[in-house]
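Student: when you get a sec, could you give me coordinates for this:
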Amino acid sequence: MIDTLYQTGAGLLGGAWPVVWTLIKIIAVVAPLMICVAYLTLWERKAIGWTQIRPGPNRVGPYGLLTPIADAVKLIFKEIILPSAANKGLFFLGPIMTIMPALAAWAVIPFGPEVALANVNAGLLLLMAITSIEVYGVIIAGWASNSKYAFLGALRASAQMVSYEIAMGFCLVVVLMVSGTMNMSAIVLQQGQGMFADMGLGFLSWNWLPLLPIFVVFFISGLAETNRHPFDVVEGESEIVAGHMVEYSGMSFAMFFLAEYANMILVSILTVTLFLGGWMSPVAFLDFIPGWIWLGIKTFVVVTLFLWVRATFPRYRYDQIMRLGWKIFIPVTLVWLVVVGLWIQSPFNIWQ
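Tutor: Have a look, this model is predicted:
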């Protein structure tokens with residue numbers, strides 16, 4: 001069907017069709033993502049409500065299902081206030097630079113075999129490069145606001161994000177070592193090989209089992225990288241009243257939250273792709289279920305883990321966050337780089 005659509009469009013539009021086709025694919029990825037982000041806010045409030053033995057949002061629409069739409073309408077019609085001492089150009093550039101990498105990174109995420117917006121061979125490297133840009137948006141927003149609270153929040157955010165990017169980068173290097181490729185689709189396909197996969201127990205051949213410490217470090221670093229609880233000192237309502245976002249309102253404020261939740265889904269689907277078999281079914285007798293459904297189920301479970309952590313753990317102090325990143329996670333990942341390297345060169349290599 002897709003091939004027929006592509007051939008029809010190419011016949012009608014000629015040389016302009018590749019550009020139109022790319023725009024169609026971008027819309028096909030971004031539009032559902034924005035819907036997922038909107039309803040993730042509702043799922044978060046519902047999940048935390050159930051954890052605290054209360055119903056959660058239930059007033060707008062049946063079972064509260066229209067709450068995200070009401071929130072969006074409210075934010076769209078709110079005034080965007082520009083502080084008198086702020087740098088106008090950079091003030092509006094900050095939210096844009098924060099949300100654009102969160103959306104652009106989805107270009108290399110595989111939704112199935114050969115189903116990606118851009119199935120490039122260096123997809124893992126491109127993903128790391130794109131996501132590292134986001135910290136500049138936070139720094140620009142904090143500095144351009146000309147507010148001491150915003151500036152302190154931006155300093156915290158940049159230090160925290162850079163610190164945990166190092167640990168996440170080492171985790172990705174370990175996955176690269178065992179996979180032998182930076183192509184995201186090939187990394188998923190590599191997890192479908194081995195003794196357990198041949199027995200029909202695919203979930204035991206995924207990277208989470210042999211790389212369990214790396215899997216745990218990657219997930220927790222993802223919490224810190226997205227400024228999620230218990231690493232949300234960047235917003236620190238009780239200390240710096242919302243951090244780098246304190247001077248923002250209306251849709252400029254909403255763009256920061258859209259970026260946060262889009263990043264949360266991105267880190268979740270990246271965790272699924274690298275460690276949990278991507279679109280592959282956990283056992284052979286469930287192979288009849290389409291791969292995109294498995295990808296959605298796994299991503300939903302990992303996203304729910306983000307919410308469970310928020311409902312369970314207290315917020316860390318800033319010094320505890322830095323100590324965890326620099327004194328525990330980075331040494332652990334460095335040790336596992338050596339361990340996996342020796343493992344690959346030994347006769348017990350399970351990734352051959």
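
Student: count the residues that sit near Val283.
Tutor: 12 (other Cβ atoms under 10 Å). Backbone N, C-alpha and C define where each C-beta goes, glycine included.

Student: repeat that for the one 5 residues further on.
Tutor: The tally of other residues near Phe288 (other Cβ under 10 Å) stands at 6.

Student: what does Pro314 give?
Tutor: Neighbours of Pro314 (other Cβ under 10 Å): 7.

Student: check what pLDDT it gets.
Tutor: Note on Pro314: pLDDT of 86.

Student: how far away is Ala86 from Leu93?
Tutor: Counting by Cβ to Cβ, to the nearest Å, the gap from Ala86 to Leu93 is 11 Å.

Student: neighbour count for the two, which is higher?
Tutor: Neighbour comparison, Ala86 and Leu93: the larger count goes to Ala86, with 19 against 16 (by other Cβ under 10 Å).

Student: isn't that one right next to Ala144, touching?
Tutor: Yes - under the criterion of Cβ atoms under 8 Å, Ala86 makes contact with Ala144 at 5.7 Å.

Student: so what sits against both of Ala86 and Leu93?
Tutor: Common contact partners of Ala86 and Leu93 (Cβ atoms under 8 Å, 6 or more residues apart in numbering): Ala144.

Student: helices of the stretch 1-150 of the chain, residue ranges please.
Tutor: Per DSSP state H, counting those that start in this stretch, the stretch 1-150 of the chain carries helices over the ranges 2-13, 17-51, 67-77, 88-104, 123-131, 134-144, 148-179.

Student: looking at those helices, which is buried most?
Tutor: helix 134-144 (a mean of 24; mean count of other Cβ atoms under 10 Å).

Student: what's it packed up against?
Tutor: On a contact count with 3 or more Cβ pairs under 8 Å, 6 or more residues apart in numbering; DSSP states H and E, helix 134-144 meets helix 88-104, helix 148-179, helix 250-275.

Student: wait, which of those is closest to Val115?
Tutor: Of all the helices and strands packed on helix 134-144, helix 250-275 sits nearest to Val115, with 12.3 Å by Cβ to Cβ.

Student: average pLDDT across the closest one?
Tutor: On average, helix 250-275 scores 90.

Student: now stretch 136-153
Tutor: pLDDT averaged over stretch 136-153 gives 85.

Student: where does pLDDT dip in the stretch 1-150 of the chain?
Tutor: Residue ranges of the stretch 1-150 of the chain with pLDDT under 70: 1-3, 6-7, 10.

Student: show me where the stretch 201-350 of the chain has its helices.
Tutor: Counting by DSSP H, counting those that start in this stretch, the helices of the stretch 201-350 of the chain are 212-225, 237-240, 250-275, 291-312, 318-323, 330-345.

Student: how about residues contacting stretch 19-39?
Tutor: 6, 9, 13, 68-69, 71-72, 103, 106-107, 117, 258, 261-262, 265.

Student: roughly how far apart are Arg156 and Phe256?
Tutor: In terms of Cβ to Cβ, Arg156 sits 15 Å off from Phe256.

Student: which ones are touching Ser147?
Tutor: With Cβ under 8 Å, 6+ apart, Ser147 has these contacts: Pro83, Val246, Glu247.

Student: one more pass at 7 Å, please.
Tutor: Residues in contact with Ser147 (Cβ atoms under 7 Å, 6 or more residues apart in numbering) are Val246, Glu247.
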